[in-house]
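1. Starting from these lines, generate the structure:
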Amino acid sequence: MTKVKVLILSLVSALILNSCTDPANIGLEVQPPSDSIVLSSLLSDKFELKTVSEDSLRTDNSISLILGQIDDQIFGTNIGGFVTQLLLTENNIDLGSNPIVDSVILSYSYSGFYGDIASFTNIEVQQINYDIYRDSVYYSNSYELNPGSMNNVDNFIISENNENPFLKVNLTNNFGQSILNLGNDVLKDNTSFLEQFKGISVSSFGSNCMLYLNQSGSNSFLKVYYHNDNSNSDTLSLDFELSGDAASFSIFNNKNSLLIMDDTSQIYIQSMAGYRADISIDNIDSLKKILDNKVINKVSLEFSLSENSQYEFDAHDKLVLVRVDENGNNVFLSDFVLEGDQYFGGYLDQDKYEFNITRYFYQLLTNSSYSTKLRLLPVGAAVNANRSIIDNDVKLKINYSEL
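-> Now for the predicted structure:
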């Protein structure tokens, strides 16, 4: 009968005998609980870990937009805002004689938030003077947010209705009147309107919260309420949609703290074009010798959250592990592509993220030109504001059977 053993490597230099068994491991149902080998080597020079600042993220046409500011004692200031077009909901608008604004409402449904929603105390809305397009690619650093320049906000409220929460912003009448003054010839269709009114930017500074806004939600719209010489006391409305064919993209501030990137005691992961971890497994030859005449059953890579790292801000619910090809591009591991998300893993469970990388590891051992470089990234980095702080004691676990 083949004797099964478990080899757990964290790519260090010392051998430590220990006792551990994971009954969920494939092919280990008959393994005696005491039969295991643990190889541990913290901070091996053959296993490189480093935190890297992300340059930017693609943010056009995302499922949601991020609005707010977080002041984190560890990660620093994180700011999110966005740019969007406003699209007419119908053509050939007739405003009537002498249209006068009564009020202007910008509203967004929101799907969640990060931080302290009670501290969300500031919103700024400006008209933009540059064209944006639905079929163009935009990144989180394509434009900058400009606080304090021609703010068109009177006041706002945040409804925390559990079934349909929304953000309602009362814009100035002057803002709405500038749209009505464009006249019927410009408001005949969106092509004519966008030539004169490019869109708006929305930002928030000084708050300690990020809102996740849903452009296609039932409470997402812009309405200009007005009356004219013919409406008497009745109020009319000029309606705009914020989803559909409307171009939109999020904008994030740059993040490149040397204190974070130079800290080798921990790994820092942050969404919104924040930080990622670069990982390199460089002791392939020594691993081949250790695994000679052995059949690999399962290989996993495990990351543990640093103690108390979620005291103020929640870590990511899920991270993703990718390899880096010869052109520096991120490529999904074959374990994820062929076996699926649940098998591959990466979900936060008991303060740990674990990835099944069996197929990748086999390719690493059998193909000398295969990439040894991996990246640990946040999932949904363009639509959430989470951050995770991870111990540098990363464990590579190899379950094998002797021939």
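2. pLDDT below threshold where in this protein?
-> Applying pLDDT under 70 to the chain flags residues 1-46, 148-149.
3. By residue count, what's the longest strand in it?
-> Longest strand of the chain, by residue count under DSSP state E: strand 100-115.
4. how much space is there between Ser56 and Ile63?
-> Distance, Ser56 to Ile63, by C-beta to C-beta, to the nearest Å: 19 Å. Using the backbone N, CA and C atoms, a C-beta is placed for each residue, glycine as well.
5. Distance from stretch 196-212 to the middle of the chain?
-> Averaging C-alpha positions (C-alpha atoms, centre = their mean, to the nearest Å) puts stretch 196-212 17 Å from its chain's average.
6. Same check on stretch 153-163?
-> Counting by C-alpha atoms, centre = their mean, stretch 153-163 is centred 24 Å from the centre of its parent chain.
7. which parts of it are buried?
-> For stretch 153-163, burial by neighbour count (16 or more other C-beta atoms under 10 Å) applies to 153, 156, 158.
8. and the residues you listed, which of them are in strands?
-> The members of the buried residues of stretch 153-163 that map onto strands under DSSP E are 153, 156, 158.
9. how close does Tyr347 sit to Tyr353?
-> Distance from Tyr347 to Tyr353, by C-beta to C-beta: 7 Å.
10. which residues do these two both contact?
-> Residues touching both Tyr347 and Tyr353 by C-beta atoms under 8 Å, 6 or more residues apart in numbering: Lys318.
11. So those two - more neighbours on which side?
-> For the pair Tyr347 and Tyr353, the greater number of neighbours falls to Tyr353 (25 against 16), based on other C-beta atoms under 10 Å.
12. Ramachandran coordinates for the more buried one?
-> Tyr353 adopts backbone torsions of phi -120, psi 130, taken as degrees, to the nearest 10.
13. contacting residues for it?
-> So Tyr353 contacts 302-303, 318-319, 345-347, 390 (C-beta under 8 Å, 6+ apart).
14. list the buried ones in the host helix or strand of Leu167?
-> Under the criterion of DSSP states H and E, Leu167 resides in strand 166-171. Buried residues in strand 166-171, defined by neighbour count with 16+ other C-beta under 10 Å: 166-167, 169-171.
15. Quick check: which helices or strands does the next helix or strand after it pack against?
-> With elements assigned by DSSP H and E, the helix or strand that comes after strand 166-171 is helix 173-180. Contact here means 3 or more C-beta pairs under 8 Å, 6 or more residues apart in numbering; DSSP states H and E; on that basis helix 173-180 packs against strand 100-115, strand 124-127, strand 221-227.
16. and the gap between the closest residue to Lys255 other than its chain neighbours and Asp351?
-> Leaving out its chain neighbours, the residue that sits closest to Lys255 by C-beta to C-beta, 6 or more residues apart in numbering is Gly274, at 5.0 Å. Distance, Gly274 to Asp351, using C-beta to C-beta: 20 Å.
17. cool, and Gly345?
-> Distance, Gly345 to Asp351, using C-beta to C-beta: 14 Å.
18. same deal with Tyr110?
-> Using C-beta to C-beta, Tyr110 is found at 28 Å from Asp351.
19. which of those two has more neighbours?
-> Neighbours were counted for Tyr110 and for Asp351 using other C-beta under 10 Å; Tyr110 has more, 23 against 15.
20. give me the beta-bridge partners of the spatially closest residue to Leu236 that is not a sequence neighbour?
-> Leaving aside its sequence neighbours, Leu236 sits nearest to Tyr226 (C-beta to C-beta, 6+ apart; 5.6 Å). Under DSSP bridges, the beta-bridge partners of Tyr226 are Val101, Leu236.
21. ok, Tyr226 to Ser103 distance?
-> From Tyr226 to Ser103 the distance is 9 Å (C-beta to C-beta).
22. Now do the shared contacts for the two.
-> Contacts common to Tyr226 and Ser103, judged by C-beta under 8 Å, 6+ apart, are Gly176.
23. more crowded one of the two?
-> Tyr226 (24 against 16).
24. is it true that that one touches Asp234?
-> No - look at Tyr226 against Asp234 with C-beta atoms under 8 Å: they stay out of range, at 10.4 Å.
25. Tell me, how many residues neighbour Ala381?
-> Neighbours around Ala381, by other C-beta under 10 Å: 24.
26. OK, contacts around it?
-> Applying C-beta under 8 Å, 6+ apart, the residues near Ala381 are 54, 57, 271-274.
27. One more: Tyr130?
-> Counted by C-beta under 8 Å, 6+ apart, Tyr130 has contacts 143, 198.
28. Helix, strand or coil: sort out it for me.
-> Under DSSP: H, G, I helix; E, B strand; the rest coil, the three-state class of Tyr130 is coil.
29. can you check Asn91 too?
-> Note that with three-state DSSP, the state of Asn91 is coil.
30. next one: Leu348
-> Reduced to three states by three-state DSSP, Leu348 is strand.
31. Neighbours of it, how many?
-> Using other C-beta under 10 Å, Leu348 is surrounded by 18 other residues.
32. how close does the closest residue to it other than its chain neighbours get to Gly274?
-> Using C-beta to C-beta, 6+ apart and skipping residues adjacent in sequence, the residue nearest Leu348 is Asp317, 5.5 Å away. Distance from Asp317 to Gly274, counting by C-beta to C-beta: 16 Å.
33. could I get the helices and strands packed on helix 173-180 as CSV with distance to Leu182?
-> Output for these, formatted as CSV (distance: least, C-beta to C-beta, whole Å):
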stretch, distance to Leu182
strand 100-115, 13
strand 124-127, 12
strand 221-227, 11
